[in-house]
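Enquirer: Below are the sequence and a predicted model; questions follow.
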Amino acid sequence: MRQGDIKIKVCMGPSGIASGGADVIEAFKKELNIAGIKAKIGDRCSVHKVGCLGLCAKDLLVEVIIDGKKSIYENIKPNQVPRIVKEHIVKGNPLTRWTVGEEYYNFHRKQLRVVLSNCGEIDPEDINAYIAVGGYEAARRALTSMSPEEIVEIVQDSGLRGRGGAGFPTGLKWELGLKIASDVKYVICNGDEGDPGAFMDRAVMEGDPHSVIEGMIICARAVGSREGYIYVRAEYPMAVKRLQIAIDQCYGAGLLGKNLFGTGFDFDIKIYQGAGAFVCGEATALMRSIEGKRGMPRPKIWRSSEKGLWDRPTVLNNVETFANIPKIILRGGKWYRNLGTEKSGGTKVFSLTGKVKNSGLIEVPLGISLREIIYDIGGGIEGNRTFKAVQTGGPSGGCIPAEFLDIEVDYESLALVGSIMGSGGMVVLDETDCMVDLAKFFLEFTEAESCGKCIPCRIGTKRMLEIVNRIVSGNSKEGDIELLEELGQYIRATSLCGLGMTAPNPVLSTIRYFRNEYEAHIKEKKCPANICKFKAI
Amino acid sequence: MEEALKRILQNYYNKKGNIVTILQDIENTFGYIPEEAVNWFSKKINIPASRFFGIATFYGQFHLKPHGKNVITVCTGTTCHVKGSKGLISILRKRLNLHDGEDTTRDGKFTIEHVACEGTCSMAPVVLINGKVYGKISANKLSKKIKIIEKKSDDEAR
């Protein structure tokens, strides 16, 4: 940055857009013109849209950087822009009563941004901004000076595991993809982020789309694929738009298409827009959906790495998994592994929401404790109420009560307490939330989203929901809790795919830790949190 | 209608589409999936209409009935749920006089929809009115917005 340069970054992440980011950008452009700044220094003054800045609770966030000195404004509306331009940019006096306070810095102190390192820094619709921060250097290196085996080895060294939630080791998946012989292989990026209460992948696709594409190019090179798909959820039109812009720019720059980096390696990427079905986040259902069919999973007689899309070998990874890859190639597998724990390497992005003060998008090294996430980063519970539980893993996960606040966050520890890592949704609950109502909420969701192919899931979730409905309306019978537990175990053991196998989790985990709330509903016909309205049927 | 369908058919051939992409094009063009459109395609590309409907009813994006002029989408994600989206829906339904099983008002002015998560959880509860996101919304604020839309459409009708 040269003397006198002015840079303004406006958050245009999911909630930045919703908080009027586009209007604020327009207002800045207009005011800079009126103040004559644009005429004076031209291109050395720029207004950028950037991906999610993290602390969504304070959106709209705006960074003003003059001579490399950064001021961050919070809760900005277009009508505040003229004063910022006049006082700060023209006269050089930052408006400190509008800038972020201590909590903003606390929010960032324990975070470690690897996947999100460009998110909030660069313009996601500008390939040159990505290249300027070292973008496509990893792809160049992977294609020009590394063998597929070497790439797979680095990914294995990194300890990276599937960030979609199940945690399958990525390096192993790639190795299987590499070893199988086939003239056609596919690489698929799963951007069907369906868990309610989670927006990590949306933020990455919208905030740093090139990192996802670069990860896919490297994967394609490693496994020997020439064709890739990005499957994006129907509800994310902005992600589709920015990915498409990024893909078009790559074709223009020779980073997709024929003969990448002059190595003779060809790779194409197409976007496939989902049509609104949660089950399509499941790998085999997603592939059926790309084929234009009902998205129903198939029995796993073969791995997708043997027979996936159109029965060809397919390597499918989640958005965040791919976005990690360029950094791992550049900085090495060991570096990444050391960021996390022995069994769960690296960092993980979470969307921290619910009854927490500083809600937003966070990235933390694996192995951090839940307490650090909720109290140090999240700033504690809203309205100083009492923490009750944190829900992780959405409809496939469970609720973790206060007694486990000090466990390390990694795949194994979360499974041990009856929840899962999941894709990264973290919804904090306080004393005013009813756990039975929450279990019912997730059951309603899985019951509606069950594809109907296998009986345990189709009918089992329906029966469980009927029982829970009985409980919350005061019509329960003695033994309903035991019935739920028994049914849950059967569904878990006999369902065809991940959706059914995990659907009982929200009920089972709340029974495990909050059995007294179920009992209060059944025996005393009382909802301790006063959420459920009892009426006799 | 025929013209629009021909365009969609051309698109299907050009982009090597499939039933899902055809239905997406139909939905985007008409705002719902008209039965005639499905029958037309079924004949043209020789795929039974039942296959189209099987897919149209599987995915949440497709609607078999036309929408109202204004679409209010209430986010029912986990965070919105714990911040009271259920209450919003019942107040909204009462306000718009919707009976059980109805999603569109009888005058065709409003349709209420749900989305499983809009991805702006920090602003929960979230409601979208004609695609625009409104965060931290209360029943009161929502009611005011509806009043504005009602007034606007009354003015237009005059």
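Expert: All right, it came through fine.

Enquirer: thinking B:Leu128 is in contact with B:Asn70, fair?
Expert: No: if you go by C-beta atoms under 8 Å, B:Leu128 and B:Asn70 don't touch, sitting 10.8 Å apart. Glycine gets a C-beta too; all of them are placed from N, C-alpha and C.

Enquirer: Endpoints of stretch A:444-458, how far apart?
Expert: End-to-end distance for stretch A:444-458, by C-alpha to C-alpha, to the nearest Å: 12 Å.

Enquirer: which residues sit against it?
Expert: A:194, A:196, A:277-279, A:285, A:294-297, A:395, A:461-462, A:464-465, A:490-491, A:494-497, A:499-500, A:503, B:58, B:116 (C-beta atoms under 8 Å, 6 or more residues apart in numbering or on different chains).

Enquirer: Check the secondary structure at A:Asn259 for me.
Expert: strand (DSSP: H, G, I helix; E, B strand; the rest coil).

Enquirer: Go ahead and confirm it touches A:Asp266.
Expert: Yes: counting by C-beta under 8 Å, A:Asn259 does reach A:Asp266; the two are 6.7 Å apart.

Enquirer: These two: which has the busier surroundings?
Expert: Taking other C-beta atoms under 10 Å in any protein chain shown, A:Asn259 and A:Asp266 do not tie; A:Asp266 has more neighbours (14 against 10).

Enquirer: The more buried one and chain B: what is the separation?
Expert: A:Asp266 sits 18 Å away from chain B, going by C-beta to the nearest C-beta, to the nearest Å.

Enquirer: now do A:Thr263
Expert: For A:Thr263, the distance to chain B (C-beta to the nearest C-beta) stands at 28 Å.

Enquirer: Quick check, that residue in contact with A:Ser145.
Expert: No: with contacts counted by C-beta under 8 Å, A:Thr263 stays clear of A:Ser145, the gap being 9.9 Å.

Enquirer: More neighbours: those two, which one.
Expert: A direct count of neighbours by other C-beta under 10 Å for A:Thr263 and A:Ser145 places A:Thr263 higher, at 13 against 9.

Enquirer: Helix, strand or coil: sort out that one for me.
Expert: Following three-state DSSP, A:Thr263 is assigned to coil.

Enquirer: ok, now the one 3 residues further on?
Expert: In terms of secondary structure, A:Asp266 is strand; the call rests on three-state DSSP.

Enquirer: so who does it touch?
Expert: Counting by C-beta under 8 Å, 6+ apart, A:Asp266 touches A:Arg226, A:Gly257, A:Lys258, A:Asn259, A:Leu260.

Enquirer: starting at the chain centroid, how far to the helix or strand hosting A:Ile362?
Expert: Assessed by DSSP states H and E, A:Ile362 sits inside strand A:360-365. From the chain centre to the centre of strand A:360-365 is a distance of 10 Å (C-alpha atoms, centre = their mean, to the nearest Å).

Enquirer: after it, next one along is what?
Expert: As assigned by DSSP H and E, the chain's next helix or strand after strand A:360-365 is helix A:370-371.

Enquirer: Just after that following helix, pick out the following helix or strand.
Expert: With DSSP H and E, the next secondary element past helix A:370-371 is strand A:387-392.

Enquirer: roughly how far out does that following strand sit from the chain middle?
Expert: Distance of strand A:387-392 from the chain centroid (C-alpha atoms, centre = their mean) equals 18 Å.

Enquirer: And for stretch A:100-110, what's in contact with it?
Expert: Stretch A:100-110 has contacts (C-beta under 8 Å, 6+ apart) with A:54-55, A:58, A:61, A:72-74, A:357-358, A:360, A:362, A:364, A:368, A:372-373, A:376-379.

Enquirer: Spatially, which residue comes closest to the closest residue to chain A within chain B, not counting chain neighbours?
Expert: At 2.4 Å from chain A, B:Asn18 is the closest residue in chain B, using C-beta to the nearest C-beta. Counting by C-beta to C-beta, 6 or more residues apart in numbering or on different chains, B:Asn18 lies nearest to A:Gly292, which is 2.4 Å off, once chain neighbours are set aside.

Enquirer: Much appreciated, bye for now.
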